[in-house]
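1. got a predicted structure plus its sequence, pasted below:
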Amino acid sequence: FRQEVTNPANRRNTINTNNARYYYMMSLTKLSVVWFRNDLRLHDHEPLANAIKHSKGNVLPVYCFDPRHFGVTYRFGFPRTGLHRARFLEESLQDLKQNLQARGSDLIIRVGEPEKVLKELQEEIQRANPELSIGSIFAHKEVASEEVGVEKKVTKSLDSAEMNFLWGATTMFHVDDLPFDLKSQDLEVFTKFRTRIEGTKTKVRNPIPAPTKGSIRSLSDMGISALDTGKILPVDEQMMLGGHESLAKEWQEKYLPRYSAEISKKNQESDKKSNSKEEAMSIDADEDGASFYGGESSGMKRVNHYLFQSRLIDTYKETRNGSLGFEFSSKFSAWLANGSLSARWLYHEIKKYESEVNENQSTYWLFFELLWRDYFRWVTMKHGNKIFQLEGMKTKYEKKEWSQDRKLFEIWAKGQTGYPFIDANMIELNETGFMSNRGRQNVASFLTKDLKIDWRMGAEYFEMQLIDHDVYSNYGNWTYVAGVGNDPREDRYFNIIKQGLVYDSEAKYVCHWIPALKKLPNPDSKLRPFLLTPQQENSLNFHVGEDYPRPVVKLSPPSGEKGGKKGWEKQKRGDFKMKRSHRN
């Protein structure tokens, strides 16, 4: 996965030398292109650091809006990038551009497939300065098949340039430092993986500092000031890149006014506090969870806030299963997903906190969650495209009758199942692009175990909607919950009623996203409105089927579920008292 930047002659066999153009190109001054992908940051960016060193500052940072990322998902035709992630991407690129400009450089934006765009960029550079050419491409290595395929196409299209794909975009641990082979059985179960990592005391490499001002030469200094830097596409134009006119319209009419008002409000708050816009956006969040602001600057401020300013990390293990608000969990996932934050930089910030402030179970548990992220990447490297297949990674697959009922799926996707804890989570996802980890487990279990819908439909829908989508964690988690992944318990089932009563005991979360439930008198009735008797419905002026949907399906836990089917069959209409909570 790694090609060291040493003597270019060592890689002559990768370059076509059988033409005159090769020798002409070799006579020109070389610059290095840094191709940004899911690594939209300056800190801990090995390709950028190596390119600066290799080309003595003659570096051209480039990002491509690849239309394939905005098309439709592979099997079920959902838009691949939804509105919320597109907004986060736009903000992340704006921040990256500003950070590069602060160091005297800039970000070149192009729209098109990288294998075509980068070749065209070579021609643009030579038109701007005939004495200059692209000598090297530096980028982070990916492992999923589609991304690897693009790397191969780029390598083929720029046969006169040296390719340098380096590991380190998204994981804490470097692939070369793992204490086992990637074919190892230690990757079949997370606990074995964690035990090997911790048992061998595998080290996390130190993060690479961000480049300093002046270390990257400006376009003017390189003699290409005439080069068009391009335009960062706003959300609606990103949608149109994939042909999604209805989403572009929805953004303009529904989300943009709301988002603009939020930005204005946060700016006013920011001015009062003498803080930056990004800081306000990333830490002063409301209950709608809409306060993710993209970019490295915002992500680093969020980390500083969650660890050192508020010390919320001290109680992470106890609060991480919450649902309402912004502070019950770290919320680092969105910045990690597009590489605005480096996982190993974050690891060392946690270790710094443990060394200087406090170390407890909660600080370890945040590392534990980062370890899960790493795990799913190694699993993908081992199993490849199996993570996208119906039977997943199972060598002995017990065939199941999976449904692809679109109507039933839409009921789940829109949050109209008749089960408030499921519906509130889906509504939050649709409105904000975020859902808690507890919510994701429950809605996935409900879709696959109760509705018996093909898990890949859920995974592709999440791919569209999640602001923090990354292919490895998303598909790894869906295969896990569906019983075709790395869970040793293939029949794991989430009792969504119990989960709601435990993790939303006061029903504040479901009422926030489903205001109609506020009519009901206590948490029991709000979490299980389908148990109201007709008399209770009349007295409350709340009618199931009118004010809130009837359950779309009868829950069907496996016989091994605690309480068994008998326990579930005891749930009759009116089986809770209207004046008491189940907790009282």
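-> Thanks, I have it. Numbering: from 1, shown residues only.
2. pLDDT on the longest helix seen in the chain, on average?
-> In the chain, assigned by DSSP state H, the helix with the most residues is helix 361-383. When pLDDT is averaged over helix 361-383, the result is 96.
3. tell me what the very next helix or strand once past that helix is packed against?
-> Counting by DSSP states H and E, the next helix or strand C-terminal to helix 361-383 is helix 406-413. With contacts taken as 3 or more Cβ pairs under 8 Å, 6 or more residues apart in numbering; DSSP states H and E, helix 406-413 sits against helix 420-432, helix 455-465. Quick note: C-beta positions are derived from backbone N, CA and C, even for glycine.
4. can I get helix 406-413 in CSV, CA atoms only?
-> The C-alpha trace of helix 406-413 is given here as CSV (Å, rounded to 0.1, in the frame of the first residue of the first chain):
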residue,chain,number,x,y,z
ARG,A,406,-40.6,-0.9,-1.5
LYS,A,407,-43.9,0.2,0.2
LEU,A,408,-42.9,-1.3,3.5
PHE,A,409,-39.4,0.1,3.2
GLU,A,410,-40.7,3.6,2.6
ILE,A,411,-42.8,3.4,5.7
TRP,A,412,-39.6,2.7,7.7
ALA,A,413,-37.6,5.3,5.8
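5. give the buried residues for it.
-> 408, 409, 411, 412, 413 (16 or more other Cβ atoms under 10 Å).
6. of the residues you listed, which is the nearest to residue 183?
-> residue 409 (36.1 Å; Cβ to Cβ).
7. residue 457 versus the closest one, what's the distance?
-> Taking Cβ to Cβ, to the nearest Å as the measure, residue 409 falls 6 Å from residue 457.
8. show me the shaky parts of this protein.
-> Along the chain, segments meeting pLDDT under 70 span 1-28, 266, 268-291, 397, 558-584.
9. mind listing the strands for it?
-> With strands called from DSSP state E, the chain shows them at 29-36, 59-65, 108-111, 132-140, 162-166.
10. follow-up on the earlier one: and the longest helix of the chain, C-alpha only, in PDB?
-> The C-alpha trace of helix 361-383 is given here as PDB (Å, rounded to 0.1, in the frame of the first residue of the first chain):
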ATOM      1  CA  GLN A 361     -13.400   4.200  31.800                       C
ATOM      2  CA  SER A 362     -15.000   6.900  29.600                       C
ATOM      3  CA  THR A 363     -11.700   8.000  28.100                       C
ATOM      4  CA  TYR A 364     -10.900   4.400  27.300                       C
ATOM      5  CA  TRP A 365     -14.300   3.900  25.800                       C
ATOM      6  CA  LEU A 366     -13.800   6.700  23.300                       C
ATOM      7  CA  PHE A 367     -10.600   4.900  22.200                       C
ATOM      8  CA  PHE A 368     -12.700   1.700  22.100                       C
ATOM      9  CA  GLU A 369     -15.100   3.300  19.600                       C
ATOM     10  CA  LEU A 370     -12.200   4.400  17.400                       C
ATOM     11  CA  LEU A 371     -10.900   0.900  17.500                       C
ATOM     12  CA  TRP A 372     -14.300  -0.300  16.000                       C
ATOM     13  CA  ARG A 373     -13.700   2.200  13.100                       C
ATOM     14  CA  ASP A 374     -10.300   0.700  12.400                       C
ATOM     15  CA  TYR A 375     -11.700  -2.800  12.700                       C
ATOM     16  CA  PHE A 376     -14.200  -2.400   9.900                       C
ATOM     17  CA  ARG A 377     -11.500  -1.100   7.600                       C
ATOM     18  CA  TRP A 378      -9.400  -4.200   8.200                       C
ATOM     19  CA  VAL A 379     -12.400  -6.400   7.700                       C
ATOM     20  CA  THR A 380     -13.000  -4.800   4.400                       C
ATOM     21  CA  MET A 381      -9.400  -5.400   3.400                       C
ATOM     22  CA  LYS A 382      -9.800  -9.000   4.300                       C
ATOM     23  CA  HIS A 383     -13.300  -9.700   2.800                       C
END
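11. ok, residues contacting that helix?
-> 143-144, 170-173, 175, 178, 182-183, 187, 190, 193-194, 197, 313-318, 320, 330, 336, 343, 346-347, 350, 353-354, 387, 393, 471-473, 475-477, 486 (Cβ atoms under 8 Å, 6 or more residues apart in numbering).
12. so which bits of that helix are buried?
-> Result for helix 361-383 [16+ other Cβ under 10 Å]: buried residues 362-363, 366-367, 370-383.
13. roughly how far is stretch 298-317 from the heart of the chain?
-> Chain-centre distance of stretch 298-317: 19 Å, with Cα atoms, centre = their mean, to the nearest Å.
14. ends of that stretch, what's the gap?
-> 24 Å (Cα to Cα, to the nearest Å).
15. do stretch 123-143 as well
-> Criterion Cα to Cα; first-to-last residue distance in stretch 123-143 is 30 Å.
16. flag every buried residue along that stretch.
-> Using 16+ other Cβ under 10 Å as the test for burial, stretch 123-143 gives 125-126, 128-129, 132-143.
17. of all those, which comes closest to residue 35?
-> residue 139 (4.0 Å).
18. doesn't residue 346 make contact with residue 43?
-> No. Residue 43 is beyond contact range of residue 346, at 10.4 Å (criterion: Cβ atoms under 8 Å).
19. more neighbours: which of the two?
-> Taking other Cβ atoms under 10 Å, residue 43 and residue 346 do not tie; residue 346 has more neighbours (25 against 18).
20. show me what contacts the more buried one?
-> 172, 303, 332, 336, 370.
21. which of these sit farthest apart?
-> Pairwise over the contacts of residue 346, using Cβ to Cβ, the maximum falls at 172 and 303, 14.4 Å.
22. adding distance to residue 538 as columns, could you present the helices and strands packed on helix 406-413 in CSV?
-> Converted to CSV, the helices and strands packed on helix 406-413 look like this (distance: least, Cβ to Cβ, whole Å):
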stretch, distance to residue 538
helix 420-432, 20
helix 455-465, 37
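23. can you redo those as a markdown table with mean neighbour count?
-> What follows is those, written out as a markdown table (neighbours: other Cβ atoms under 10 Å):
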| stretch | mean neighbour count |
| --- | --- |
| helix 420-432 | 24 |
| helix 455-465 | 24 |
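24. one step back: among the contacts of helix 361-383, which are located in helices?
-> Of the positions in these, 190, 193-194, 197, 316-318, 336, 343, 346-347, 350, 353-354, 471-473, 475-477 sit in helices, assigned by DSSP H.
25. put the buried members of those into a ChimeraX selection.
-> A single ChimeraX command is used to select the members of the ones in helices among the contacts of helix 361-383 judged buried by 16+ other Cβ under 10 Å:
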select :190,193,194,197,316,317,336,343,346,347,350,353,354,471,472,473,475,476,477
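26. quick one on the thing from earlier: nearest to residue 61 among the contacts of residue 346?
-> Nearest to residue 61 among the contacts of residue 346: residue 336, at 20.6 Å, using Cβ to Cβ.
27. so what's that closest one closest to, chain neighbours aside?
-> Take residue 336 and drop its neighbours on the chain: the residue closest to it by Cβ to Cβ, 6 or more residues apart in numbering is residue 343, 6.1 Å away.
28. these two touch, right, the one you found and residue 171?
-> Yes. Between residue 343 and residue 171 there is a contact under Cβ under 8 Å: 5.8 Å.
29. picking up where we left off before, now the strands of the chain in a markdown table, with distance to residue 295?
-> Formatted as a markdown table, the strands of the chain follow (distance: least, Cβ to Cβ, whole Å):
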| stretch | distance to residue 295 |
| --- | --- |
| strand 29-36 | 13 |
| strand 59-65 | 13 |
| strand 108-111 | 15 |
| strand 132-140 | 18 |
| strand 162-166 | 23 |
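30. closest to residue 467 out of the ones you listed?
-> In terms of Cβ to Cβ, the element of these nearest to residue 467 is strand 59-65, at 17.7 Å.
31. contact partners of the closest one?
-> Residues outside strand 59-65 that contact it (Cβ under 8 Å, 6+ apart) are 31-36, 40, 48, 51-52, 93, 96, 100, 105-114, 117-118, 121, 125, 134, 216-217, 222, 224, 233, 238, 241.
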